[in-house]
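Trainee: 3D, please:
(one chain, ligands or ions: 1)
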Amino acid sequence: MAGISRPRGTDDLLPERLQAMEHARQLGTAIAASYGYRPLETPIFEATELFVRGVGDTTDVVTREMYTFEDRAGRSLTLRPEGTAPVVRAFWESDLRQAPLPARLSYWGPMFRYDRPGRGRYRQFHQFGVEVLGESEPELDAEVIAVAWRWLLELGLGGTSLQLNSIGDATCRPQFREALLDHFGPHLAQLPDLDRERLRRNPLRILDSKDPDVAGLLEAAPKTTDFLCDGCHEAFLRVQEALVAYGIHFQLNPLLVRGLDYYQRTAFEVWHEDLHGAQNSLFGGGRYDGLSEELGYPHCPGVGFAAGLERVTMLAPPPGPAPLPLVWALAAQPEAAATVIRLSEQLRGAGLAAVVDAGRRSLKAKMRSAERGGASLVCIVGAEELSQGLVTIRLLGDGSQVSEPLRTAVDRARALLFQSS
Ligand code: HAM
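Mentor: From the prediction side, this is the model:
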């Protein structure tokens, strides 16, 4: 078909997919609320600087993946590629910071990255996430993981593993970076271009290399956890102890580094066995105690995670069928149109879902649509019913039919539906 197609890397959320995503989001919000997290929403676009400074100007996200444009007044704006920097900004620009700390917040919404489209990888995708701002206790790192984990369980999503690492902080990371440079430096010639570039600009990222030629070097590479300073080491142990207390299994993964620059200490991802390569993470998160200062605000520690809803719903069992409209109100003759419209409004007012068909098609065609549309019950008004103030109510399950005065039709419809369910 030669029409205009949707932009590459985007998807239409058709009813079933949307229902699954809404289910996942609502469940996530409710579970987060049970841990004391309150939802917030931030704008879809932000000042470009927020991400350049927050996410980091050497990251793939900032160098290659942002949708950046100038508005009519010449400001540089960016469609948000992630939600953490915006939440930190919103925290400082609102009275959230005056409320008792830490602030526990949850959010969801579309994110935009000019990524290479593939299975579970889009240019517009949706994240659900939580952030805790204003406290650096390591038990909070375990808490956000617990929110994520409970959400996965309640979604019925198996086949996952929690990958956990500590990538140190400003005290100990410089030594680790040096050790990486020492380790890979003599092998520069054998590194693929991308990894050579990573080593030059952001050495930690080389640990994320998927190149088979680098695998051997990676195995022998220094481990973040061997370089942790006392503070980072102690914090990492406390995170692990708290995870044990939550009953959550984790896999220590010293090669886990994240694609965004703001992380310190705890870094984690949830992987799924059916996701491979660069898109294997279902959730990603960690602690970002330096982010607030990077953005020009006072010091404010934080920790959180975000999950891609497309990936989650691609893998989780689908929720039950959408609640379809149960009652259809049909006009059998044109003069009954206004009556069935009013009746359908009364049905909705009584808490039922109703589809109205007041058009000019034959009753037979309307009945067929009602059956296909999943109606449990139809209310029919034709010329005869109209003259007597009646409605014909038919239960589609057993084909039984009653005549009911218009005044009491809604109550009768409810009673019949209730009996039949
Ligand atoms: P992230 O790892 O960049 O972290 O993204 C989190 C999740 O978003 C991924 O695990 C994945 O499920 C999903 N995702 C990322 N890119 C795509 C894509 N192109 N298509 C589909 N899904 C995608 C963050 O964004 C951090 N803000 C997480 C965080 C919150 N850290 C602390 N607090």
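Trainee: The ligand contacts on the stretch 101-250 of the chain?
Mentor: R113, D115, G120, R121, Y122, F125, Q127, G129, E131 (CB under 6 Å from any ligand atom). (Each C-beta comes from the backbone N, C-alpha and C, glycine too.)
Trainee: Which pLDDT value goes with the third one?
Mentor: The pLDDT attached to G120 in the predicted structure is 92.
Trainee: Do I have it right that it meets H276?
Mentor: No - G120 is beyond contact range of H276, at 9.7 Å (criterion: CB atoms under 8 Å).
Trainee: With neighbour numbers in mind, choose between these two.
Mentor: A direct count of neighbours by other CB atoms under 10 Å for G120 and H276 places G120 higher, at 20 against 12.
Trainee: Next up, phi/psi of the more buried one, please.
Mentor: phi 70, psi 10 (degrees, to the nearest 10).
Trainee: so what's it up against?
Mentor: L275, Q279, G308, E310, R311, M314 (CB atoms under 8 Å, 6 or more residues apart in numbering).
Trainee: could the residues of the stretch 101-250 of the chain next to the ligand go into CSV alongside secondary structure and distance to S161?
Mentor: Output for these, formatted as CSV (DSSP: H, G, I helix; E, B strand; the rest coil; distance: CB to CB, whole Å):
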residue, secondary structure, distance to S161
R113, coil, 24
D115, coil, 23
G120, coil, 17
R121, strand, 20
Y122, coil, 23
F125, strand, 22
Q127, strand, 20
G129, strand, 20
E131, strand, 23
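Trainee: Name the nearest of those relative to E49.
Mentor: R113 (17.7 Å; CB to CB).
Trainee: doesn't V61 make contact with the closest one?
Mentor: Yes - between R113 and V61 there is a contact under CB under 8 Å: 6.3 Å.
Trainee: if you count what's nearby, which of these two comes out ahead?
Mentor: Relative neighbour count places R113 above the other of R113 and V61, with 21 against 18, counting by other CB under 10 Å.
Trainee: what's the more buried one in contact with, if anything?
Mentor: Contacts of R113 (CB under 8 Å, 6+ apart): V61, E65, M66, P81, R123, F125.
Trainee: Ok, Y37 next?
Mentor: R104, L105, S106, V130, V147.
Trainee: Most neighbours among those, please name it.
Mentor: V130 (29 neighbours).
Trainee: Which pair of the contacts of Y37 spans the longest distance?
Mentor: Across those (CB to CB), the longest gap, 11.5 Å, separates L105 and V147.
Trainee: any shared contact partners between the two?
Mentor: Y37, V130.
Trainee: ok, how many other residues are close to the closest residue to the ligand within the stretch 151-300 of the chain?
Mentor: Closest approach between the stretch 151-300 of the chain and the ligand, counting by CB to the nearest ligand atom: G284, at 2.7 Å. By other CB under 10 Å, 25 other residues sit near G284.
Trainee: what secondary structure does it sit in?
Mentor: Under DSSP: H, G, I helix; E, B strand; the rest coil, G284 falls in the strand class.
Trainee: S76: what's it in contact with?
Mentor: A47, T48, E49, T68, F69, E70.
Trainee: now do L395
Mentor: S376, L377, Q401, L416, S420.
Trainee: G351 should be in a helix, yeah?
Mentor: No - counting by three-state DSSP, G351 falls outside a helix, being coil.
Trainee: Please name every helix or strand in contact with the lengthiest helix in the chain.
Mentor: The single longest helix within the chain, with elements called by DSSP state H, is helix 15-34. Applying 3 or more CB pairs under 8 Å, 6 or more residues apart in numbering; DSSP states H and E, one finds that helix 15-34 contacts strand 38-39, strand 103-112, strand 124-133, helix 138-155, helix 309-315.
Trainee: out of these, nearest to R238?
Mentor: That would be helix 138-155 among these, by CB to CB, at 3.9 Å.
Trainee: tell me the angle that closest one makes with strand 103-112.
Mentor: 60 degrees (axes from the mean of the first three to the mean of the last three CA atoms, to 10 degrees).
Trainee: relative orientation of helix 138-155 and strand 124-133 in degrees?
Mentor: Orientation check (the same axes, to 10 degrees): helix 138-155 against strand 124-133 gives 140 degrees.
Trainee: Any buried residues in helix 138-155, and which?
Mentor: 138-152, 155 (16 or more other CB atoms under 10 Å).
Trainee: go on, stretch 186-205?
Mentor: Applying 16+ other CB under 10 Å to stretch 186-205 flags L191, D195, R196, R198, L199, N202, P203, L204, R205 as buried.
Trainee: so can I have CSV of these showing pLDDT and secondary structure?
Mentor: Listed next are the buried residues of stretch 186-205 as CSV, based on pLDDT from 0 to 100; DSSP: H, G, I helix; E, B strand; the rest coil:
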residue, pLDDT, secondary structure
L191, 88, coil
D195, 87, helix
R196, 88, helix
R198, 85, helix
L199, 87, helix
N202, 86, coil
P203, 89, helix
L204, 89, helix
R205, 87, helix
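Trainee: Could you export the residues you listed as JSON lines, including distance to T42?
Mentor: Listed next are these as JSON lines, based on distance: CB to CB, whole Å:
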{"residue": "L191", "distance to T42": "39"}
{"residue": "D195", "distance to T42": "34"}
{"residue": "R196", "distance to T42": "37"}
{"residue": "R198", "distance to T42": "30"}
{"residue": "L199", "distance to T42": "34"}
{"residue": "N202", "distance to T42": "26"}
{"residue": "P203", "distance to T42": "32"}
{"residue": "L204", "distance to T42": "28"}
{"residue": "R205", "distance to T42": "27"}
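Trainee: From those residues, pick the one nearest G304.
Mentor: L204 (19.8 Å).
Trainee: From T160, how far out is the closest one?
Mentor: Counting by CB to CB, to the nearest Å, the separation of L204 from T160 is 25 Å.
Trainee: Quickly list the domain ranges of this protein.
Mentor: 15-170+228-315, 173-224, 326-420 (automatic domain parsing).
Trainee: Go through these and pick out the most buried.
Mentor: domain 15-170+228-315 (a mean of 19; mean count of other CB atoms under 10 Å).
Trainee: show me where pLDDT drops low in the chain?
Mentor: Low-confidence segments of the chain, defined by pLDDT under 70: 277-279, 322, 324-325, 420-421.
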